[in-house]
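1. Got a predicted structure plus its sequence, pasted below:
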Amino acid sequence: MLSRHFLRAKALQTVYAGVTNQYTTTDEIVKCFDYNVLRLNDLGIIQLSTLGQLAFTAEKVIEAEMQKFSSQQVEIELLKPLANNLFISRLESGFELRQQINRLHIDWSNNFDVFRKILNAFKVSQPYKDYVAAGDFSFVSDRNIAIAAFKMLINDSTLRDIIFERDLMWEDDFDQIAQYVYMMLKEFDEEHTNEATPCPLVYDRRNENEADAYDFARKLAVDTFKHIDDVEPMIRKHLQNWDFERVALMDILLINMAVTEFTCCPSIPERVTVDEYIELSKEFSTEKSKLFINGILDKILIELRVAGRVVKDERGMYDPELEK
């Protein structure tokens, strides 16, 4: 589920951590990369668990209302479809998901007021009013309203802050992971959503394509770290009227990673590599970095070609059309 672009970003952050923390072994790089990525699964599980808590909050509000001398039947009927949501119930019954929630010790009991506030906003939203009015509480309609609820939960600033308290590093990745969880929720169908359903993970090594992308990015981080001293002379050679020591560290690392892809990834076209690191420079470095990195990489790539260090297979062959 994680894109290669996103995983490249994790590899970049890993190499940056290795350089700034003065790691000395590739084992440290591997452990750092694994931790950075696998923690994203934890974030996804925490985000997902908010759906069950919202339904549980609706159930508790109904129970409290029914115990009143003069209960509000309208409120009870309004919240029943959410409290009894078939999709959320099926999702929560998954054995693997329950294991993950227990492993992470996810407990929202101290945040009832936060979920009550979100519930109050959601029950008067137009999607929920339309859902109740339609009276079609099938698996599909329950899934659709659960997805609408998930969007409201994820966009609540108070709830986000509570999640960030567990790991401040999650703030940068929160919206991206929420998007992945949102996409996974849309893929669940009635036939396969039950107690045996595999836990929805933003990175699932059981998926061959995801495992390949993960291994690619981890190897990219390791190889970049191993050869970082070898690339420095090439960068210095092509700097004009600029001292190497004045170049932003992030720019140096981006160039290093691109050189690693040029020389160690035969299936990736050169122009794809250049474009990827220009995009990453927009996310992680300065406004002028994209021009600097593009210029240096063009010169280094010529040098590497002449030296016969760029060998591409059929998938990675240079395509002039990419230059247009």
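-> Great, that's in hand. Numbers count the residues shown, from 1 in each chain.
2. contacts, neighbours, all on C-alpha from now
-> Noted.
3. buried sites along the one helix or strand residue 9 maps to?
-> Element membership of residue 9, judged by DSSP states H and E, is helix 4-20. For helix 4-20, burial by neighbour count (16 or more other C-alpha atoms under 10 Å) applies to 4, 7-16, 18-19.
4. Can you lay out those residues as a markdown table showing distance to residue 85 and pLDDT?
-> Listed next are the buried residues of helix 4-20 as a markdown table, based on distance: C-alpha to C-alpha, whole Å; pLDDT from 0 to 100:
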| residue | distance to residue 85 | pLDDT |
| --- | --- | --- |
| 4 | 35 | 94 |
| 7 | 35 | 96 |
| 8 | 38 | 97 |
| 9 | 37 | 96 |
| 10 | 36 | 96 |
| 11 | 40 | 97 |
| 12 | 42 | 97 |
| 13 | 40 | 96 |
| 14 | 41 | 97 |
| 15 | 45 | 97 |
| 16 | 45 | 97 |
| 18 | 46 | 96 |
| 19 | 49 | 95 |
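5. So which residues of the stretch 101-250 of the chain form helices?
-> 112-123, 126-134, 139-154, 157-164, 170-187, 208-226, 228-238, 249-264 (DSSP state H, counting those that start in this stretch).
6. For residue 173, which non-adjacent residue is closest in space?
-> residue 40 (7.9 Å; C-alpha to C-alpha, 6 or more residues apart in numbering).
7. other SSEs contacting whichever strand or helix holds that neighbour?
-> Using DSSP H and E, residue 40 sits in helix 26-66. The contact analysis (3 or more C-alpha pairs under 8 Å, 6 or more residues apart in numbering; DSSP states H and E) places helix 26-66 against helix 4-20, helix 73-83, helix 86-92, helix 95-103, helix 112-123, helix 139-154, helix 170-187, helix 208-226.
8. Out of those, flag the one nearest residue 45.
-> Closest of those to residue 45 is helix 95-103, at 6.9 Å (criterion: C-alpha to C-alpha).
9. Specify the angle between that closest one and helix 26-66 in degrees.
-> With axes from the mean of the first three to the mean of the last three C-alpha atoms, to 10 degrees applied, the angle from helix 95-103 to helix 26-66 works out at 100 degrees.
10. I'd like the mean pLDDT over helix 95-103, please.
-> Helix 95-103 shows a mean pLDDT of 96.
11. Off-centre distance for it?
-> Helix 95-103 sits 20 Å away from the centroid of its parent chain (C-alpha atoms, centre = their mean, to the nearest Å).
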